[in-house]
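Chemist: My questions are about this predicted structure, shown below with the sequence.
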Amino acid sequence: MATNNMKEMLDAGVHFGHQTSRWNPSMKPYVYTNRGGIHIIDLQKSVAKARKAAKFIKDMSSKGGRLIFVGTKKQAVEPVVEAAEKCGQYYVTKRWLGGTLTNFSTIKMRIDRLKKIDQMREKGELNFYSKKERGKIEKEYEKLCSFLDGIKDMKEAPSAMFVVDLNKEHIAVKEARRLGIPVVAIADTNTDPNEVDFPIPGNDDAIRSISLFTNLIAESFLEGQKEWEQKIREQSDKQVDKAEEKAAAEGKQEDLSGEGPSVVKVARGRKMVAAGMAEEVEIQMELDEKQDDDTDADTEEN
């Protein structure tokens, strides 16, 4: 299973929290000490929590679940997009639109509009519009892409959510909790870890720290996905085997229930003869009878 050790976290600066004046008391169990007015996160607990979160993501993925990455702060955009594309999952990096999960039907309408414009661009249909209209449509397309490109293939609510900054993405977290969607998140010292199901104590501002955790989540998802694909293959093979066994059984039953060669009675010797052999036997019988008649005739003459 994908994991991060303490050295990797130290190198990425995961242990650096916020100023002591900005901390959330709920993070006290995860604070090791403070240096120069900065809280230092206990990396032993970070490693344990990261391992627990990774296991959850792997288990979820192994059951065919889907994941959405949410990170709209500037330093989170690139790591989130890379991790999401790596494991082929959804992501939001521009701004979380209210109702993305709780009012998905409305969001779906905007997604459909995005896909429609995309098709128009591919088919060259925009050339039939005036320059002003094309400019307006292109502007609309760019705006929709920035907000919806990462979720344009989403047809239903994901099975889990990964969040980079709990305070910044509080709307997304609330929507997920309302729908009962488990949330994994990087919990810095200025956040409340009790708001999510799987908090990972760590720095949510440094790019290297964010990349470390987003990559961990992506790797864990891919491991679970392999198990899911293996299950699908095994189920498919079993279905094929059952279908073949059923077909073979039906074919055997048809052979047994078929009429087969009919049997006819032949007077001479009371033998039971198959229909295919009936003519030959009758011919032979006639020859035998003729031979007997000739023998009798010879006897009489003598």
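Modeler: Cool, the structure landed.

Chemist: need the contact list for the residue nearest in space to the middle of the chain.
Modeler: Closest to where the C-alpha atoms of the chain average out (Cα atoms, centre = their mean) is residue 64, at 4.2 Å. By Cβ atoms under 8 Å, 6 or more residues apart in numbering, the contact set of residue 64 is residue 228. Where C-beta positions appear, they are placed from N, C-alpha and C, glycine not excepted.

Chemist: Go ahead and report the secondary structure state at it.
Modeler: Secondary structure state of residue 64, per DSSP: H, G, I helix; E, B strand; the rest coil, is coil.

Chemist: Need the pLDDT of it.
Modeler: Listed pLDDT for residue 64 reads 95.

Chemist: For it, give its distance to residue 49.
Modeler: Distance of residue 64 to residue 49, given as Cβ to Cβ, to the nearest Å: 25 Å.

Chemist: Over to residue 127?
Modeler: 55 Å.

Chemist: the more surrounded of the two?
Modeler: Taking other Cβ atoms under 10 Å, residue 127 and residue 49 do not tie; residue 49 has more neighbours (19 against 8).

Chemist: for the residue lying closest to residue 165 once chain neighbours are set aside, phi and psi?
Modeler: Leaving aside its chain neighbours, residue 165 sits nearest to residue 204 (4.9 Å; criterion: Cβ to Cβ, 6 or more residues apart in numbering). Backbone torsions of residue 204, given as degrees, to the nearest 10, read phi -100, psi 20.

Chemist: Residue 9: what's it in contact with?
Modeler: Going by Cβ under 8 Å, 6+ apart, the list of residues near residue 9 reads 15, 43, 46-47, 202, 209, 212.

Chemist: Of those residues, which is the most crowded?
Modeler: Counting neighbours by other Cβ under 10 Å, residue 202 comes out on top of those with 31 neighbours.

Chemist: Was I right to think that one contacts residue 186?
Modeler: Yes - the pair residue 202 / residue 186 is scored as a contact, 5.1 Å apart, by Cβ atoms under 8 Å.

Chemist: give me the element residue 39 is part of.
Modeler: In the assignment (DSSP states H and E), residue 39 maps to strand 38-41.

Chemist: Quick one: distance of that strand to the chain centre.
Modeler: Counting by Cα atoms, centre = their mean, to the nearest Å, strand 38-41 is centred 38 Å from the centre of its parent chain.

Chemist: now swap in stretch 174-181 and tell me
Modeler: How far stretch 174-181 lies from its chain's middle: 21 Å, per Cα atoms, centre = their mean.

Chemist: and if you look at stretch 151-171?
Modeler: Put simply, stretch 151-171 sits 17 Å off its chain's centre (Cα atoms, centre = their mean).

Chemist: Can you dump the C-alpha atoms of it in PDB for me?
Modeler: Presented in PDB, the C-alpha positions along stretch 151-171 are these (Å, rounded to 0.1, in the frame of the first residue of the first chain):
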ATOM      1  CA  ILE A 151     -16.100  17.300 -13.600                       C
ATOM      2  CA  LYS A 152     -17.600  17.300 -17.100                       C
ATOM      3  CA  ASP A 153     -17.700  13.500 -17.100                       C
ATOM      4  CA  MET A 154     -19.300  13.200 -13.600                       C
ATOM      5  CA  LYS A 155     -22.700  11.700 -13.800                       C
ATOM      6  CA  GLU A 156     -23.400  11.000 -10.100                       C
ATOM      7  CA  ALA A 157     -22.000  12.000  -6.700                       C
ATOM      8  CA  PRO A 158     -18.500  10.600  -6.000                       C
ATOM      9  CA  SER A 159     -17.800   8.100  -3.300                       C
ATOM     10  CA  ALA A 160     -15.200  10.200  -1.600                       C
ATOM     11  CA  MET A 161     -13.600  13.700  -1.600                       C
ATOM     12  CA  PHE A 162     -10.100  14.900  -1.000                       C
ATOM     13  CA  VAL A 163      -9.600  18.500   0.100                       C
ATOM     14  CA  VAL A 164      -6.400  20.500   0.300                       C
ATOM     15  CA  ASP A 165      -7.500  23.500   2.500                       C
ATOM     16  CA  LEU A 166     -10.400  22.800   4.900                       C
ATOM     17  CA  ASN A 167     -11.100  26.500   5.600                       C
ATOM     18  CA  LYS A 168     -11.100  27.600   2.000                       C
ATOM     19  CA  GLU A 169     -13.200  24.600   0.800                       C
ATOM     20  CA  HIS A 170     -15.700  24.700   3.600                       C
ATOM     21  CA  ILE A 171     -18.600  24.800   1.200                       C
END
